[in-house]
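**Student:** Compute the structure for the input listed below.
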Amino acid sequence: MAWQGAQSGVIRGSARGGRVASAARADFAAAAAAVLAGEGHRNAVYELTGDVAWSMPELAAVVSELSGAPVEYRDLPVAEYAKALEANDLPEPVAALFAQVDAGIADGWLGDTPGDLSRLIDRPTTPLRDTLAEALKSG
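**Tutor:** Prediction:
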């Protein structure tokens, strides 16, 4: 969705000021390898997140910088965001689910940064800017 925002100049959502502590696929893969190859993980529970949580306006700023095109984040009410997703050919139940996920982001569901992932991979997690730059190169 972020790259679509780069093309249109607007990333839409309902996350308000909520934050997302995402991580790169390579970080998750490294953590899986560490757990599978290591010891002491039996019955352990990990919350795998990035080290730094970002907001949707911050995402728009990074996408704008990397793409070279101005991109803004436009926050919408949840029902309006769901309708916008449907207008982009998502089936109604999927659009409603995505909009509710954004509402959860607004409520703080995805912003925790407990550090489990970076401890498992024995390094800081990949920054959002690096992950988006790699995605832009490959896609």
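**Student:** I'd like to know which elements the strand or helix carrying F28 is packed against.
**Tutor:** Here F28 sits within helix 25-37, counting by DSSP states H and E. If you count contacts as 3 or more CB pairs under 8 Å, 6 or more residues apart in numbering; DSSP states H and E, helix 25-37 packs onto helix 116-121. In this view, the C-beta of every residue, glycine as well, is placed from N, C-alpha and C.
**Student:** For Q7, give me the pLDDT.
**Tutor:** Model confidence at Q7, given as pLDDT, is 73.
**Student:** That one belongs to a helix, doesn't it?
**Tutor:** Yes: assigned with DSSP: H, G, I helix; E, B strand; the rest coil, Q7 falls within a helix.
**Student:** Provide a list of residue ranges in this protein with pLDDT below threshold.
**Tutor:** For the chain, the stretches flagged by pLDDT under 70 are 1-6, 139.
**Student:** ranges for the strands of it?
**Tutor:** Taking DSSP state E as the criterion, the chain carries its strands at 10-13, 19-20, 54-55, 72-75.
**Student:** looking at these, which is closest to T126?
**Tutor:** strand 54-55 (12.6 Å; CB to CB).
**Student:** List the contacts of the residue minimising distance to the centre of the chain.
**Tutor:** Residue closest to the average C-alpha location in the chain (CA atoms, centre = their mean): S22, at 4.6 Å. Going by CB atoms under 8 Å, 6 or more residues apart in numbering, S22 touches T49, G50, W54, L110, L128, T131.
**Student:** From those residues, which land in helices?
**Tutor:** L128, T131 (DSSP state H).
**Student:** Check the contacts of S22 and tell me the two furthest apart.
**Tutor:** Most distant of these, by CB to CB, are L110 and T131, 15.3 Å apart.
**Student:** Return the longest helix in this protein, judged by number of residues.
**Tutor:** The longest helix of the chain (DSSP H) is helix 92-106.
**Student:** hmm, who's touching that one?
**Tutor:** Contacts for helix 92-106 (CB under 8 Å, 6+ apart): 13-20, 56, 78-79, 81-83, 85-86, 90, 110-111.
**Student:** Please pick the buried ones from those residues.
**Tutor:** Neighbour counting by 16 or more other CB atoms under 10 Å classes 13-15, 18-20, 56, 81-82, 85-86, 90, 110-111 among those as buried.
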